[in-house]
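Provided below are the primary sequence and the corresponding predicted coordinates.
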Amino acid sequence: MLFSRLEYALKHSGAYLLAGEGDARPDWSLFAKEHDFAFSALDGPDVQQAVEYLTAHPPSKERRHDGSLSFRSAKVYPQSPGQRMLEFLLVQCACVARNNLFHGAKFNTAEVDASRDRELLSHCAAVLSAAINLDLRVKAAFTNGLE
């Protein structure tokens, strides 16, 4: 629910809707680019623990190889030179964890550790919660109708 509401807020903030026609999609990368410095200055224990965990243990991503599906470990941060921390946490961690939760069928298999799934989701929620407060327009869109 937190992820969906933040995605809604990004699109309705007036600042982070991807340009073009067709599907309305939030611009996570632009948001991350504009707020990476402010995010890096956050020093709350929940955020720091989330950063430490997610940079060392990002979510695995479902891939197709030789006609079968499996989860492959993601590269740890940084995945590319110059990659921003907040972009990594939002796009490579929170979005991937959300997609795994809803589309990845990561249950009832030997390779799944349910406690890791809970830990990933908990740390992603800490990052998402912190991200909401980085931009007043996003925060206003996020809380709109919730009062």
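Right, received. Where do you want to start?

Buried residues in stretch 118-126, which are they?
120-121, 123-126 (16 or more other Cβ atoms under 10 Å). C-beta: built from backbone N, CA, C; applies to glycine.

and that stretch, how far out from the chain's middle?
Mean-position distance between stretch 118-126 and its chain equals 10 Å (Cα atoms, centre = their mean, to the nearest Å).

before we move on, what about stretch 76-86?
Mean-position distance between stretch 76-86 and its chain equals 14 Å (Cα atoms, centre = their mean).

Equivalent analysis for stretch 128-145, please.
Using Cα atoms, centre = their mean, the offset of stretch 128-145 from its chain centre is 15 Å.

What is the end-to-end distance of it?
19 Å (Cα to Cα, to the nearest Å).

cool, stretch 134-147 as well?
20 Å.

Give me the contact list for the longest helix belonging to the chain.
The longest helix of the chain (DSSP state H) is helix 114-132. By Cβ atoms under 8 Å, 6 or more residues apart in numbering, the list of residues contacting helix 114-132 from outside reads 2-3, 6, 9, 31, 35, 39, 42, 44, 46-47, 49-51, 53-54, 57, 59, 86, 89-90, 93-94, 97-98, 100-101, 106-107, 138-139, 142.

now do 7 Å
Applying Cβ atoms under 7 Å, 6 or more residues apart in numbering, the external contacts of helix 114-132 come out as 2-3, 6, 39, 42, 46-47, 49-50, 53-54, 59, 89-90, 93-94, 97, 101, 106, 138-139, 142.
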